[in-house]
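Asks: After the sequence you'll find the predicted model.
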Amino acid sequence: MPIRDVSERTGVNPVTLRAWERRYGLIKPQRTHKGHRLYAPQDIERIEQIQQWLARGVSVGQVDKLLAPLNQTSPSPLKVTSQPLQPESPLQAEPHWQPVLDEALNALKVGHLTRFDQSLNQVSAIYPAALLMRFFWQPLLHQLYLEPEGARRQLILLQLESYLRNRVGARLTHRNMQSKDQKRLLLSHLPSQQPKFDLWLAALTCTDLNIPITLLDDMPDWSLLHLIDQQQPLSGILLLGHDKIRALKPSEQQLLQALEPSCWLAGPIAQIQPEQFESNGWQISHDWVELLGDLRQ
């Protein structure tokens, strides 16, 4: 399989696959006479094993010790071990993210977005999107919200949201050109006074998972959902939200019930106010990262 097909199948973007090969020697695909990578079934299995170890908190630099050597055909320890890791095992520890997190946080606090971008690119080239959410973005946002309230924290959050919006825009311009004939997932957010980090991060995750999307900052009018689906048939609708909304009018409920694509509600509103959407046929997702992984498959 060529690298793009492998990326679509495993959810690991080509940049990361190349880094696993060049920097860490974790995989070794064959090459065509023109130098293009070709991956065999055992390479796919190995990539999936790497993903499993990373998800268990093993750093990418330690994964090679847990896999069978490249010239062996025996499965990795992960495939033959049925017992869970013991709490005292050193493999249970998270990878060494703290230096990268500290660098990224310090860069944001002084408004040095170029340095922040370099820190993010450093880990984005190595780890898949779901692990970035777990080990980078979630701890980073948690630390930022621990900052004392005031103008300084507000400025940091605004700069980060602006950075993410620009990063998403650049990614979508490139990815949507490649998937112009495919159905897209409509990704939007209910109006909120809070930064919409989950929207931008969900969009970035979709680009990493090769999920074509149409992105709207806000969804203030339910009729827009039908208009968009008429313009370009949708593969689904994922709506994120922070705050409780007013009760839906009967006409709005009819619009939601008449939607043909699969519809999901995620974010804090999925816990605060699920009944309004469930009663209209929407599915509730408490973890949009997991949901996007399922949609890719």
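Replies: Noted; the coordinates are in hand.

Asks: ok, the residue lying closest to residue 32 once chain neighbours are set aside to residue 225 distance?
Replies: Nearest residue to residue 32 in three dimensions, chain neighbours excluded: residue 38, at 6.2 Å (C-beta to C-beta, 6 or more residues apart in numbering). To be clear about C-beta, it is placed using only N, CA and C from the backbone, and glycine gets the same treatment. According to C-beta to C-beta, to the nearest Å, residue 38 stands 42 Å off from residue 225.

Asks: more crowded one of those two?
Replies: Neighbours around residue 38 and residue 225, counted as other C-beta atoms under 10 Å, are more numerous at residue 225. The numbers are 22 against 14.

Asks: for the more buried one, helix, strand, or coil?
Replies: Of the three states, residue 225 takes helix according to DSSP: H, G, I helix; E, B strand; the rest coil.

Asks: Contact partners for it?
Replies: Contact analysis of residue 225 by C-beta atoms under 8 Å, 6 or more residues apart in numbering lists 186, 219, 237, 255, 256, 259.

Asks: The last one: neighbouring residues, count only.
Replies: When neighbours are defined as other C-beta under 10 Å, residue 259 has 18 of them.

Asks: was I right about it contacting residue 237?
Replies: Yes - contact criterion C-beta atoms under 8 Å: residue 259 and residue 237 qualify, at 6.8 Å.

Asks: which intervals of the chain have sub-threshold pLDDT?
Replies: 71-95, 176-180, 297 (pLDDT under 70).

Asks: What are the buried residues along the longest helix along it?
Replies: Ranked by residue count, the top helix of the chain under DSSP state H comes out as helix 151-178. Using 16 or more other C-beta atoms under 10 Å as the test for burial, helix 151-178 gives 156-157, 159-161, 163-165, 167-168, 172, 175-176.

Asks: Can you tell me the element the residue nearest in space to the middle of the chain falls in?
Replies: Nearest to the geometric centre of the chain sits residue 205, at 2.6 Å (C-alpha atoms, centre = their mean). Assigned by DSSP states H and E, residue 205 belongs to helix 197-208.

Asks: Kindly report the same for residue 185.
Replies: Residue 185 belongs to strand 184-189, assigned by DSSP H and E.

Asks: what separates the helix holding residue 205 from the chain centre, distance-wise?
Replies: Chain-centre distance of helix 197-208: 6 Å, with C-alpha atoms, centre = their mean, to the nearest Å.

Asks: Show me what that helix is packed up against.
Replies: Applying 3 or more C-beta pairs under 8 Å, 6 or more residues apart in numbering; DSSP states H and E, one finds that helix 197-208 makes contact with helix 129-132, helix 151-178, strand 184-189, strand 213-215, strand 234-240, helix 288-296.

Asks: Show me where this protein has its strands.
Replies: For the chain, the strands defined by DSSP state E occupy 30-31, 37-38, 184-189, 213-215, 234-240, 262-266, 283-285.

Asks: Taking strand 184-189 as reference, get the angle to the helix holding residue 205.
Replies: 160 degrees (axes from the mean of the first three to the mean of the last three C-alpha atoms, to 10 degrees).

Asks: what's around residue 101, how many residues?
Replies: Residue 101: 17 neighbours (other C-beta under 10 Å).

Asks: Check whether residue 215 really touches residue 164, as I assumed.
Replies: No - using C-beta under 8 Å, residue 215 is not in contact with residue 164; the gap is 11.8 Å.
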